[in-house]
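Peer 1: I would like the atomic coordinates for the input below:
(chains A, B, C, D, E and F)
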6 protein chains.
Amino acid sequence: MPRTPIEYRDASAGVRAVFDDIKRTRQVDDVNNFWKYLAHDPAVLARTWQSVKEIMAAGALDPLTKEMIYLAVSVTNGCPYCIASHTAAARKAGMSDAMFGELMAVVGMANETNRLANGYRVPIDPAFE
Amino acid sequence: MPRTPIEYRDASAGVRAVFDDIKRTRQVDDVNNFWKYLAHDPAVLARTWQSVKEIMAAGALDPLTKEMIYLAVSVTNGCPYCIASHTAAARKAGMSDAMFGELMAVVGMANETNRLANGYRVPIDPAFE
Amino acid sequence: MPRTPIEYRDASAGVRAVFDDIKRTRQVDDVNNFWKYLAHDPAVLARTWQSVKEIMAAGALDPLTKEMIYLAVSVTNGCPYCIASHTAAARKAGMSDAMFGELMAVVGMANETNRLANGYRVPIDPAFE
Amino acid sequence: MPRTPIEYRDASAGVRAVFDDIKRTRQVDDVNNFWKYLAHDPAVLARTWQSVKEIMAAGALDPLTKEMIYLAVSVTNGCPYCIASHTAAARKAGMSDAMFGELMAVVGMANETNRLANGYRVPIDPAFE
Amino acid sequence: MPRTPIEYRDASAGVRAVFDDIKRTRQVDDVNNFWKYLAHDPAVLARTWQSVKEIMAAGALDPLTKEMIYLAVSVTNGCPYCIASHTAAARKAGMSDAMFGELMAVVGMANETNRLANGYRVPIDPAFE
Amino acid sequence: MPRTPIEYRDASAGVRAVFDDIKRTRQVDDVNNFWKYLAHDPAVLARTWQSVKEIMAAGALDPLTKEMIYLAVSVTNGCPYCIASHTAAARKAGMSDAMFGELMAVVGMANETNRLANGYRVPIDPAFE
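Peer 2: Numbers count the residues shown, from 1 in each chain, chains lettered A, B, ... in the order given. Down below sits the predicted model:
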């Protein structure tokens, strides 16, 4: 049953390889629970980590911006685990208290105006098409 | 019935004052449909614009980052009007094609892992509390 | 393929009986598209109508309040069909322009503060448990 | 206040009749909390059980497939109670660890591509209309 | 870190002024946790309270109806804090057990039919445009 | 601007390789719009297709079950493109009218009871932990 975490000492070689790559990439001593639960399905674990690793690396957007976007989505969806873990990740990447406050304000406002646009049935301006 | 936009020429003095402030702040010739529909309720119009103006101004986060967060929320909620208008706003604020591509990748991945965390019922790590 | 409406003249006796009850209950000449599409699955049609009929009847809450709650949910979920049909139903039940404006304001604010509560990870006050 | 479960010994005859039918249909010794809380509103209890009983019975889709679809929706919506209860129900109906892993992978991917389709504003292909 | 509530005795003058206005308006001895967490960002606190105060005041809709709409949105979004606090607020404003039961029934039904309309891809009736 | 599809004749070698693999795997003459829009970001295109290909292949769950789960999520999220494309895919994989009707009934019921569980604040039964 996938209700317990899989610890490194109990993991298969394939799972350990993913855990090692996570620890090396993030420079942490242990992986967080998300990966220990996904490890029940090694194919999902490997694919998800590979995608996260590629997507969250610095590119046209810096890692802090990406973590704040991740947090904005998680707050909108109301995922408690994801809010906790990505708040921590964004702080580690440099999010200050002031940045967190403004991030929440934008997320709140966007969720409000999304519904006002729905409710008033606002047609898209030709300039935005 | 709130199914038609209120144009500047037909607007009350209070609504015109808000429209003028939007045009001045954003340096545009006309306000977009969202505001023309909200104008059916002048109190909602004034309050919403005042909040948007304060929240989206440069602060600890720059306007481009704020627009991308707004877009991330709108894409997650699936609001067609908001996606169209905030894609345009983010582009105007400097979002390149590469930045848009990475933004979408992060939004997609966050929506995926939010559900994996839900489904695997992952408990929050003590370090994240 | 369930991509066309089933009109009364083409409907089975069982579907016609439901359509007749909708028309009688709502005092309308024809049923709206929602029911014409559900008619592809007569069991779903009959069960859904029976539930809607019971739930939306006057009780501890009056029909107008119920229609506004229905609209609040539909706006939050972003269902275009439901927003259009329940705006019409609420207007028919007595929703004025002012009531609509206040309803939208409450829906927008609730969607905003739901996310602020998520993002700030506010614990439930003992008094609310 | 609807904050305590209604146990069989304290239930009205009407509520007991529903509880008895749930226990008989599912071959369980007691109903789960969901029903004990709905019992605060006997009309909602009876109607909800009748619908669930009809909808979840074997038909064109087998009960395991139906339980996995129920779980996919609950994971997407992030309902902790529903995820817990329908994971248990799906396991009882025959869902293996491997099936659970694939179910989660599909749910995660669908939530991701739903947002990519939103964000890229992809028009529906004529072949899909 | 915004993980602890800010109590009145530790609050700045600006935050105390908002707390005082909340206590006076709602005639309560202390503000609930939501405000104590928002107080980490005094600008968000002041703006959110000002909006809530205006929007939730009696107008074309009475306070009880507004609280029930707020609860309907919170239940749809699955925000545990908001469900707890607005259930309490609606009860205080006069929501009876029977009204709560009917409110939940409408919210449940709307969430169901929103998806049936989506899934059957029902086009909007010309009369609703 | 990512508002036009990228056709095969205009695609880079890398994009063509993905398109060719989609056409081969699905035995279709052309890829659908989703892939033509993702092609604006070749890395997203390649990664998304690779994941979809692996996840949707027959495994512990058959392709039809997977397509119906995909559709259940898309209907819950209200993504018009995804509903259209995965209805078509599920039909191609063998979904009959009767199966579609039952799928919609389960999706609707799950969305309803998810909210009833939220609203009644039902605690998880120890047996489900």
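
Peer 1: Up against chain C, what does chain A have?
Peer 2: Taking Cβ under 8 Å from any Cβ of the partner chain as the measure of proximity, chain A contacts chain C at A:71, A:75-76, A:78, A:80, A:83-84, A:87, A:103-104, A:107-109, A:111-116, A:118-121. Yep, even glycine has a C-beta here, placed from its N, CA and C like the rest.

Peer 1: just checking: which of the residues you listed also lie near chain E?
Peer 2: Within the residues of chain A next to chain C, those near chain E by Cβ under 8 Å from any Cβ are A:78, A:104, A:108.

Peer 1: right, is the host helix or strand of the second one up against chain B?
Peer 2: Per DSSP states H and E: residue A:104 is located in helix A:97-119. Yes - contact between helix A:97-119 and chain B, assessed by Cβ under 8 Å from any Cβ, occurs at A:98-99, A:101-103, A:105-107, A:109-114, A:116-118.

Peer 1: Which positions within that helix qualify as buried?
Peer 2: Of all the residues in helix A:97-119, those buried under the rule 16 or more other Cβ atoms under 10 Å in any protein chain shown are A:99-119.

Peer 1: Which positions within stretch A:75-88 qualify as buried?
Peer 2: A:75-88.

Peer 1: quick one: it near chain F?
Peer 2: No - legend: contact between stretch A:75-88 and chain F by Cβ under 8 Å from any Cβ is lacking; minimum distance shown is 10.4 Å.

Peer 1: can you list the residues that contact that stretch?
Peer 2: Contact partners of stretch A:75-88, identified using Cβ atoms under 8 Å, 6 or more residues apart in numbering or on different chains, comprise A:32-34, A:67, A:70-71, A:74, A:100, A:104, A:107, A:110-111, B:73, B:76-77, B:110-111, B:113-114, B:117-118, B:122-125, B:127-129, C:114-115, C:118-119, C:121, D:78, E:77-79.

Peer 1: how far is it from where the chain is centred?
Peer 2: Relative to the chain's own centre, stretch A:75-88 is displaced by 8 Å; criterion: Cα atoms, centre = their mean, to the nearest Å.

Peer 1: Using PDB, write out the CA atom coordinates for it.
Peer 2: Coordinates of each C-alpha in stretch A:75-88 appear next as PDB, following Å, rounded to 0.1, in the frame of the first residue of the first chain:
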ATOM      1  CA  VAL A  75      -2.000  28.100  -3.500                       C
ATOM      2  CA  THR A  76      -4.600  28.500  -6.200                       C
ATOM      3  CA  ASN A  77      -5.200  24.700  -6.200                       C
ATOM      4  CA  GLY A  78      -5.100  24.500  -2.400                       C
ATOM      5  CA  CYS A  79      -2.600  21.700  -2.100                       C
ATOM      6  CA  PRO A  80      -1.300  21.800   1.500                       C
ATOM      7  CA  TYR A  81       1.800  19.700   0.900                       C
ATOM      8  CA  CYS A  82       2.800  21.700  -2.200                       C
ATOM      9  CA  ILE A  83       2.300  25.000  -0.500                       C
ATOM     10  CA  ALA A  84       4.500  24.000   2.400                       C
ATOM     11  CA  SER A  85       7.300  22.500   0.300                       C
ATOM     12  CA  HIS A  86       7.400  25.300  -2.300                       C
ATOM     13  CA  THR A  87       7.200  28.000   0.300                       C
ATOM     14  CA  ALA A  88      10.300  26.500   1.800                       C
END
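
Peer 1: Now do it, average pLDDT.
Peer 2: Mean pLDDT, stretch A:75-88: 98.

Peer 1: Hmm, residue A:33 and residue A:6 touching each other?
Peer 2: No - using Cβ atoms under 8 Å, residue A:6 and residue A:33 do not qualify as a contacting pair, with a distance of 10.2 Å.

Peer 1: All the helices of chain A, in order from the start?
Peer 2: Ranges of helices within chain A are A:13-26, A:33-38, A:42-56, A:63-77, A:80-92, A:97-119, based on DSSP state H.
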